[in-house]
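**Student:** build the 3D model from these lines:
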Amino acid sequence: MNFKLIFKTLFVIATLSLLVLMGLNNPNDIELHLPRMKSEWPTIVKQPAALMYFGFFGVGFLAGTIVMAGGGKRSSSKSKE
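**Tutor:** A predicted model of the protein is given here:
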């Protein structure tokens, strides 16, 4: 089996475990202050800490996946005749 795949899987599981621990130990609401971009958007977002941690992890995980996707060598499909 591929060691790199096993390592990545264990890393994601460890990160999710820490996320669950943070969520269990921080049940209070926290405030996230945003700059005023449009008049319809709130400048202060008040959510439970666990939900914020989960959202930040999700955005970071998606960004990392997009950055790391692709980039492999492409094999030429033309056969030499």
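
**Student:** C-alpha from now on. contacts and neighbour counts both.
**Tutor:** Fine.

**Student:** show the pLDDT at the spatially most central residue of the chain.
**Tutor:** With distances taken as Cα atoms, centre = their mean, Phe61 lies nearest the centre of the chain, 2.2 Å away. Note for Phe61: predicted pLDDT of 82.

**Student:** just Met1 next, same as before
**Tutor:** In this prediction, Met1 has a pLDDT value of 69.

**Student:** repeat that for Gly70.
**Tutor:** pLDDT, Gly70: 67.

**Student:** now the one 3 residues further on
**Tutor:** The score at Lys73 is 64. That number is its pLDDT.

**Student:** list the contacts for Ile30?
**Tutor:** Lys46, Gln47, Pro48, Ala49 (Cα atoms under 8 Å, 6 or more residues apart in numbering).

**Student:** tell me the mean pLDDT over whichever strand or helix holds it?
**Tutor:** Taking DSSP states H and E as the definition, Ile30 sits inside strand 29-33. Per-residue pLDDT over strand 29-33 has a mean of 84.

**Student:** and the strands in this structure?
**Tutor:** Using DSSP state E, the strands of the chain run over 29-33, 44-48.

**Student:** of those strands, which is nearest Leu16?
**Tutor:** strand 44-48 (17.2 Å; Cα to Cα).

**Student:** buried residues in that closest one?
**Tutor:** By neighbour count on 16 or more other Cα atoms under 10 Å, the buried set for strand 44-48 is empty.

**Student:** can you show me the CA trace of the longest helix along the chain as PDB?
**Tutor:** For the chain, the helix that runs over the most residues, judged by DSSP state H, is helix 3-25. Taking C-alpha atoms only, helix 3-25 is exported to PDB below (Å, rounded to 0.1, in the frame of the first residue of the first chain):
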ATOM      1  CA  PHE A   3       2.800   5.000   2.500                       C
ATOM      2  CA  LYS A   4       2.000   8.600   1.400                       C
ATOM      3  CA  LEU A   5      -1.700   7.900   1.300                       C
ATOM      4  CA  ILE A   6      -1.700   6.300   4.700                       C
ATOM      5  CA  PHE A   7       0.200   9.200   6.200                       C
ATOM      6  CA  LYS A   8      -2.200  11.700   4.700                       C
ATOM      7  CA  THR A   9      -5.200   9.800   6.000                       C
ATOM      8  CA  LEU A  10      -3.800   9.600   9.500                       C
ATOM      9  CA  PHE A  11      -3.000  13.300   9.400                       C
ATOM     10  CA  VAL A  12      -6.600  14.200   8.400                       C
ATOM     11  CA  ILE A  13      -8.000  11.900  11.100                       C
ATOM     12  CA  ALA A  14      -5.700  13.500  13.700                       C
ATOM     13  CA  THR A  15      -6.800  17.000  12.600                       C
ATOM     14  CA  LEU A  16     -10.500  16.100  12.700                       C
ATOM     15  CA  SER A  17     -10.000  14.600  16.200                       C
ATOM     16  CA  LEU A  18      -8.500  17.900  17.400                       C
ATOM     17  CA  LEU A  19     -11.400  19.700  15.800                       C
ATOM     18  CA  VAL A  20     -13.900  17.600  17.700                       C
ATOM     19  CA  LEU A  21     -12.000  18.200  21.000                       C
ATOM     20  CA  MET A  22     -12.000  22.000  20.400                       C
ATOM     21  CA  GLY A  23     -15.700  21.900  19.700                       C
ATOM     22  CA  LEU A  24     -16.500  19.900  22.800                       C
ATOM     23  CA  ASN A  25     -14.400  22.200  25.100                       C
END
